[in-house]
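Visitor: sequence and predicted structure, then a few things I'm wondering about:
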Amino acid sequence: MLSILIPTYNYDCYDLVCELHRQALECNIEFEIIVADDCSNVKLSNLHRITELSNCQLIKPQQNIGRAKIRNFLAEKSQYNHLLFLDSDSFPASNEFLKKYIEFIPQNITILGGRIYNAPQNQYHTLLTKYGINRERNKDILVKSTAPFTSPNFLIPKNIFNRIKFNENIKGYGHEDTIFGIELSRHNIPYYRFDNPIIHLQIEDNLTFIQKTKESISNLYNIYLTKQYPELETLSPILKLYLKLKKLHLTTLFAKIYHNFSNSLIRYCDNTDPNLAIFSLYKLCYLCHISQK
């Protein structure tokens, strides 16, 4: 009935698997849980214990294959007709997390459950938490989505996934899920959002999150340059703003703002109450900066 697929890298998701296993048994369904360790380079002391649980397996490619390919790899190994993909650094927010998804399986639709965040651990972990709280919580009711596709927590029929798959040509960090959503739309396959979140557990410190955001923006710009996905120009708010600046011949000015004031902008983001407007400005200036290279 349900294949629960969890890619992981340098994160021990044994507790997550235990909870999903408990809920699946409680729901009395046919299921499997497959964790794919993408060649982690740190010791994950409990990960091997996954195989002690019924219907659970741990697999590992021969080399690190990246965010897109590892999800395709998991789908190939699955045996059931519905796939639930979850990020490894997460935990179900509800004791009925699986039950809520299972209720939609007969409808054969693709659903995004969303993600929530606990209070920040300290002043150095506030940016991702505030950003996520303001940007990533879904509505209570099931609604057809026009926003970019996100991959931390989604259910999809296997036959639909196999028609699309993640684009393995997208390297680096970020936007492989955005492109997956574009491909769904190109095939006239809608996807829906509803409030069935996971809790994001691995909260990066502010500076790490800023660095990963920069990597994601670089990936976005490189994908844009290929001209294979013109939909990005309307889907991505930051790319949309960049293109407006480009028409007004202002990208050089914003690139200079990044060059001269990036450290000052970061200070507004790396504190107890990060300024998300300044963070958006920082991202836009960085995009203009890399476009000048």
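Guide: That came in fine, so what should we check first? Residues are numbered from 1 along each chain as shown.

Visitor: what's the average pLDDT for the helix ranked longest in the chain?
Guide: The helix that spans the most residues within the chain, counting by DSSP state H, is helix 206-226. Averaged over helix 206-226, pLDDT sits at 94.

Visitor: contacts made by the helix or strand just after that helix with the rest, please.
Guide: For helix 206-226, the succeeding helix or strand toward the C-terminus, using DSSP states H and E, is helix 232-235. Outside helix 232-235, the residues that touch it by Cβ atoms under 8 Å, 6 or more residues apart in numbering are 148, 178, 181-182, 220, 223-224, 239-240, 243. (C-beta placed from N, C-alpha, C; glycine too.)

Visitor: parallel or antiparallel, which strands does the helix or strand where Ile33 lies pair with?
Guide: In this assignment (DSSP H and E), Ile33 forms part of strand 31-37. Strand pairing for strand 31-37, using DSSP bridges, gives strand 2-8 (parallel), strand 56-59 (parallel).

Visitor: where along the stretch 1-150 of the chain do the strands fall?
Guide: 2-8, 31-37, 56-59, 82-86, 90-92, 110-112, 115-117, 143-144 (DSSP state E, counting those that start in this stretch).

Visitor: apologies, that question was intended for the stretch 151-293 of the chain.
Guide: 153-157, 191-193, 198-200.

Visitor: on that earlier part again, highest mean neighbour count out of the strands paired with strand 31-37?
Guide: A comparison of those by mean neighbour count, using mean count of other Cβ atoms under 10 Å, puts strand 2-8 on top with a mean of 24.

Visitor: what comes up buried for the longest helix of the chain?
Guide: Across helix 206-226, burial judged by 16 or more other Cβ atoms under 10 Å covers 206, 209-210, 213-214, 216-221, 223-224.

Visitor: kindly report the same for stretch 158-174.
Guide: Buried-residue list, stretch 158-174, by 16+ other Cβ under 10 Å: 160-161, 164, 166-168, 170, 173-174.

Visitor: perfect, that will be all.
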